[in-house]
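Visitor: structure of the sequence below:
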Amino acid sequence: QVQLVESGGGSVQAGGSLRLSCAATGRTFSSKAMGWFRQAPGKERESVAAITWNGGSTYYADSVKGRFTISRDNSENTVYLQMDSLKPEDTAVYYCAADSLSFRPRVVVSTNVYNYWGQGTQVTVSS
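Guide: Numbers count the residues shown, from 1 in each chain. Got it, this is the predicted structure:
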């Protein structure tokens, strides 16, 4: 079992930065690919970024490429999302999620393969 708790959300002006953290409990975190997702009001949940279990590969949605950075510290059981140059359209609830499988060799972006989810943290970007 993996339990996830996000933190670091808040309200910022356009152009600002936030760093989200996702702390995991459970001994299997280091074997899990991790993903960050977001859901804006009235929209479907979408993949933002993902990282393999060892940090060797990453994925970014086109809308955040060059502005967001995903990283992980397996010794601290934590995955991060550094968000720079934030835009109003980044406003959403952000969720972290852990892969249902262990040691998957590639990043995954579909919500269907993630079966552990955090409670979400709100990010609001004002213009």
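Visitor: identify the residues contacting the helix or strand harbouring C22?
Guide: For C22, the host element (DSSP states H and E) is strand 18-25. Identification of contacts with strand 18-25 by CB atoms under 8 Å, 6 or more residues apart in numbering yields 2-10, 12, 34, 36, 76-83, 86, 94, 96, 98, 118, 121, 123. Every residue, glycine included, has its C-beta placed from N, CA and C.
Visitor: center of this structure - which residue?
Guide: W36 (2.0 Å; CA atoms, centre = their mean).
Visitor: follow-up on the earlier one: in the next helix or strand after the strand holding C22, which residues are buried?
Guide: Per DSSP H and E, the first helix or strand lying C-terminal to strand 18-25 is strand 34-39. By 16 or more other CB atoms under 10 Å, the buried positions in strand 34-39 come out as 34-38.
Visitor: do the same with stretch 98-110
Guide: If you call a residue buried by 16+ other CB under 10 Å, then stretch 98-110 has these buried ones: 98-99, 107-109.
Visitor: ok, stretch 51-61 next?
Guide: Applying 16+ other CB under 10 Å to stretch 51-61 flags 51-53, 59-61 as buried.
Visitor: try stretch 59-71
Guide: 59-61, 64, 68-70.
Visitor: which pair in these spans the largest distance?
Guide: Taking CB to CB as the measure, the buried residues of stretch 59-71 span a maximum distance of 12.8 Å, between A61 and T69.
Visitor: shared neighbours, these two?
Guide: When contacts are counted by CB under 8 Å, 6+ apart, A61 and T69 are jointly contacted by A49.
Visitor: does R104 touch A50 like I think?
Guide: No: the pair R104 / A50 is not scored as a contact, 10.3 Å apart, by CB atoms under 8 Å.
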